[in-house]
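Peer 1: Prediction below, plus the sequence it came from.
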Amino acid sequence: MKKSLIALSSMLMLGGNALAQKVAFEEYDLSNGLHVILHNDSSAPVVITSVMYHVGAKDEQSDRTGFAHFFEHLLFEGTENIKRGEWFKIVSGNGGVNNANTTDDRTYYYEVFPSNSLKLGLWMESERLMHPVINKIGVDTQNEVVKEEKRKNYDNRPYGQLMAQVKKNMFTKHPYRWTTIGDMAHLDAAKLEEFQAFNKKFYIPNNAVLVVAGDISNISQTKEWIQQYFGSISKGPAIVRQTFVEDPITKPIQATFEDANVQIPMMITAYRTPSMKTRDARVLDFISTILSDGKSSRLYKKIVDDKKMALQIGAFNNSQEDYGTYIIYGLPQGKNTISDLVKEVDEEITKLQTELISDKELEKLKNKYESNYVNDNSNVEGIASNLASYYLLYGDVNLINTENEMYQSITPEEIRAISKKYLNPNQRLILDYVPAKADKK
């Protein structure tokens, strides 16, 4: 869903300050429950209007997966006042760019315009919320678009099923067990009325946050426009969300997946971890950096550089609203096997569980995360996304200013303790991701 203009992108990078300083914002609620966050930055003549909805793949029915991602596409089809196929033309014709993305937890839409088109951006997002046209031609068109996306990014892409297989094996009760793109058979089977009902349930002002960020020096005028375009939208019924609690993993899960798109097997180990809202999740981020961020990281230096046992090695903490998944992967080289890589990785994890990292390594970590904080808030696009996420998923907008302090306060003792708590052999999935056998190709 990407449209880009080089000139505007260049201006975007100018928005925001290159130094780590507080992000000023104002927040309030409309009477219909829409939460509004404003951030004024006049360093570049651009403004972003964005809406994040608290609906993702985890809000779907098990026999109707893929709906949230489908709506990422569908809600660009048109509205009662924006003809079908005109959305992108209006945006680009006014010097703007727009995009949308979906996760298991939320869906995010935004437009970036020259600041003199702020009113247009607000109107367009209010149209998407109040007057979407959901009809058969739009559903049928986007069905084909999504199928092509699935073929490109999942079915025909080497290792494209990695996350799908990890999720399938790590979760048995929680909707995290299916992929965001969903099952195409479910979308094919769904009736038009089901798409309309999904929209009516989740795409409502009291399930969303509107963020306006950038050159909005006339705050009072901006508030008037927001009230004009969004204030009359009816509040929807409160959404009752089901809670899913997974049983602890107490013994290793062994699984194998055959992929016709690959020639080299992949080692994958995965551990279930806590919500991204927790301090533990931030410590696990640090652990990922220690293990595999850059050529000087422990796993890369030992397994790829020194021993030349793998072509690639990596670890990342996939933090989400309800649970996280900590994943380590590697591509064996030469005669080395998946088991060989698991053994080497386990040795490095054991070191983290038994030894404290050095002061020098800790300082390097903290410097990196300070840099990440600056980069994440270096332009209005990043700031807008962060403001929306911190409100909708974390319940604390000011984390945009304080989360870095949490990272800076992490200690070597915490890193050791969290490694012991979550990264144990009896708490994981070992997935052998291997080439398909000849007779299955």
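Peer 2: That came through fine.

Peer 1: can we go C-alpha only for contacts and neighbour counts from here?
Peer 2: OK.

Peer 1: Ramachandran angles for residue 52?
Peer 2: phi -110, psi 130 (degrees, to the nearest 10).

Peer 1: and the residue nearest to it when sequence neighbours are not counted, helix, strand or coil?
Peer 2: Distance criterion CA to CA, 6 or more residues apart in numbering; nearest residue to residue 52, sequence neighbours excluded, is residue 108 at 4.3 Å. Look at residue 108: counting by DSSP: H, G, I helix; E, B strand; the rest coil, its state is strand.

Peer 1: List the beta-bridge partners for residue 108.
Peer 2: Beta-bridge pairing for residue 108 (DSSP bridges): residue 52, residue 101.

Peer 1: Quick check: it touching residue 125?
Peer 2: No: look at residue 108 against residue 125 with CA atoms under 8 Å: they stay out of range, at 11.2 Å.

Peer 1: between those two, what contacts are shared?
Peer 2: Jointly contacting residue 108 and residue 125 under the rule CA atoms under 8 Å, 6 or more residues apart in numbering are 50, 51.

Peer 1: who's in contact with the closest residue to residue 276 other than its chain neighbours?
Peer 2: Once flanking residues are discounted, residue 276 sits nearest to residue 319: 4.8 Å by CA to CA, 6+ apart. By CA under 8 Å, 6+ apart, residue 319 lies in contact with 273, 274, 275, 276, 281, 325, 326.

Peer 1: if we go to 7 Å?
Peer 2: Contact analysis of residue 319 by CA atoms under 7 Å, 6 or more residues apart in numbering lists 275, 276, 281, 325.

Peer 1: any idea how far the first one is from residue 422?
Peer 2: This points to residue 275. From residue 275 across to residue 422, the span is 13 Å (CA to CA, to the nearest Å).

Peer 1: The third one too?
Peer 2: In this structure, residue 281 and residue 422 are separated by 10 Å, where distance is defined by CA to CA.

Peer 1: Same drill for these two, tell me which one is more crowded.
Peer 2: Taking neighbours as other CA atoms under 10 Å, residue 281 and residue 422 compare with residue 281 leading, 23 against 18.

Peer 1: Pretty sure that one sits against residue 272.
Peer 2: No: using CA atoms under 7 Å, residue 281 is not in contact with residue 272, being 11.0 Å away.

Peer 1: what does the one helix or strand residue 431 maps to rub up against?
Peer 2: Per DSSP states H and E: residue 431 is located in strand 428-435. With CA under 7 Å, 6+ apart as the test, strand 428-435 has contacts from 170, 249, 252-260, 262-271.

Peer 1: Distance from the chain centre to that strand, please.
Peer 2: 24 Å (CA atoms, centre = their mean, to the nearest Å).

Peer 1: May I see the buried residues of it?
Peer 2: For strand 428-435, burial by neighbour count (16 or more other CA atoms under 10 Å) applies to 428, 429, 430, 431, 432, 433, 434, 435.

Peer 1: any idea how far the last one is from residue 259?
Peer 2: For residue 435, the distance to residue 259 (CA to CA) stands at 5 Å.

Peer 1: go on, the third one?
Peer 2: Using CA to CA, residue 430 is found at 16 Å from residue 259.

Peer 1: for the second one, same thing?
Peer 2: Taken as CA to CA, the spacing of residue 429 relative to residue 259 amounts to 18 Å.

Peer 1: Just the element for the closest residue to residue 63 other than its chain neighbours, please.
Peer 2: Sequence neighbours aside, residue 186 is the residue nearest to residue 63 in space, at 6.1 Å (criterion: CA to CA, 6+ apart). Residue 186 belongs to helix 184-189 when assigned by DSSP H and E.

Peer 1: next SSE after that helix?
Peer 2: On the C-terminal side of helix 184-189, the nearest following helix or strand under DSSP H and E is helix 192-202.

Peer 1: Give me the contact list for that following helix.
Peer 2: Defining contact as CA under 7 Å, 6+ apart, one finds that helix 192-202 is touched by 55, 134, 135, 136.

Peer 1: same thing but 8 Å
Peer 2: Applying CA under 8 Å, 6+ apart, the contact partners of helix 192-202 are 53, 54, 55, 67, 134, 135, 136, 139, 236, 237, 239.

Peer 1: If we go by neighbour counts, what in that helix is buried?
Peer 2: Buried residues in helix 192-202 (16+ other CA under 10 Å): 195, 198, 199, 202.

Peer 1: could I get these as CSV with distance to residue 383 and pLDDT?
Peer 2: Listed next are those as CSV, based on distance: CA to CA, whole Å; pLDDT from 0 to 100:
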residue, distance to residue 383, pLDDT
195, 31, 98
198, 29, 98
199, 27, 98
202, 24, 98
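
Peer 1: okay, the residues you listed in a markdown table with distance to residue 71 next?
Peer 2: A markdown table is the format used below for these (distance: CA to CA, whole Å):
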| residue | distance to residue 71 |
| --- | --- |
| 195 | 9 |
| 198 | 9 |
| 199 | 8 |
| 202 | 11 |
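
Peer 1: Now do the helices in the stretch 251-400 of the chain.
Peer 2: Taking DSSP state H, counting those that start in this stretch as the criterion, the stretch 251-400 of the chain contains helices spanning 279-292, 298-299, 338-354, 359-376, 380-389, 399-408.

Peer 1: will you turn these into JSON lines that also has distance to residue 118?
Peer 2: Shown next, in JSON lines, are the helices of the stretch 251-400 of the chain (distance: least, CA to CA, whole Å):
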{"stretch": "helix 279-292", "distance to residue 118": "36"}
{"stretch": "helix 298-299", "distance to residue 118": "48"}
{"stretch": "helix 338-354", "distance to residue 118": "50"}
{"stretch": "helix 359-376", "distance to residue 118": "23"}
{"stretch": "helix 380-389", "distance to residue 118": "14"}
{"stretch": "helix 399-408", "distance to residue 118": "23"}
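
Peer 1: re the thing from before, out of the contacts of helix 192-202, which are buried?
Peer 2: Members of those that pass the buried threshold by neighbour count (16+ other CA under 10 Å) are listed as 53, 54, 55, 67, 134, 139, 236.

Peer 1: For residue 231, see how far away the first one is.
Peer 2: So the one you mean is residue 53. Distance from residue 53 to residue 231, by CA to CA: 17 Å.

Peer 1: And the residue nearest to residue 280 when sequence neighbours are not counted, its phi and psi?
Peer 2: Excluding the flanking residues, the one nearest residue 280 by CA to CA, 6+ apart is residue 418, at 6.7 Å. Residue 418 adopts backbone torsions of phi -70, psi -30, taken as degrees, to the nearest 10.

Peer 1: same question, residue 72
Peer 2: The phi/psi pair for residue 72 (degrees, to the nearest 10) is phi -50, psi -40.

Peer 1: Then residue 31?
Peer 2: Note on residue 31: its backbone torsions stand at phi -60, psi -20 [degrees, to the nearest 10].

Peer 1: Residue 113 against residue 96, yeah?
Peer 2: Yes: using CA under 8 Å, residue 113 is in contact with residue 96, at 4.4 Å.
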